[in-house]
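Enquirer: only geometry, no sequence info:
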């Protein structure tokens, strides 16, 4: 059996994967012709290339609890929510909802574990806690928020509690009266 690796970071990938879950690169499709132009870099690749020296990626995972199942987004990645299986890895979760756009919204979890959602100019809107996200705009998500795609596809946002960075905690020095 032939081993598949990511052309960007050389991580092992499954033959069925569309993206590399290590670096976020688009993987070549098996039916691609060698003369095809290369796929454009993803937003996450550009983000990671810009911020290579920022430190380790958080182990946090954003979970959106939809009635059709959970959608999980690890730190350092983004995921398109929508009905188009060629665009969204989780299209099956929305296939029965005609009012969800093919490219509805993008959820991003940055390296530090902060989550956002951006409306991708959807037809019926993206909502956070009942407020509409303007098309093309990004809104920060917090643990316990309610995300709604169109009229009736709602999810609860579950984010792990952020632990304080041990380096940011300090003790008073001896002799300064603290």
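Expert: Perfect, thanks for sending it. This is a predicted model, so every value here is computed, not measured. Numbers count the residues shown, from 1 in each chain.
Enquirer: care to break this protein down by domain?
Expert: 1-31, 61-158 (automatic domain parsing).
Enquirer: highest average neighbour count across those?
Expert: With neighbours defined by mean count of other Cβ atoms under 10 Å, none of these is more surrounded on average than domain 61-158, at a mean of 18. Every C-beta, even on glycine, is put in place using the N, C-alpha and C of the backbone.
Enquirer: low-confidence ranges in the protein?
Expert: 1-3, 29-58, 161-178 (pLDDT under 70).
Enquirer: can you do 90?
Expert: 1-62, 65-76, 86-96, 110-114, 152, 159-178 (pLDDT under 90).
Enquirer: ok, which stretches of the protein are helices?
Expert: Counting by DSSP state H, one finds helices in the chain at the ranges 43-50.
Enquirer: Apart from its chain neighbours, what residue comes closest to the spatially most central residue of it?
Expert: For the chain, the residue nearest the mean C-alpha position is residue 78 (2.3 Å; Cα atoms, centre = their mean). Of all residues not flanking residue 78 in the chain, residue 108 sits nearest, at 4.0 Å (Cβ to Cβ, 6 or more residues apart in numbering).
Enquirer: All set, thanks.
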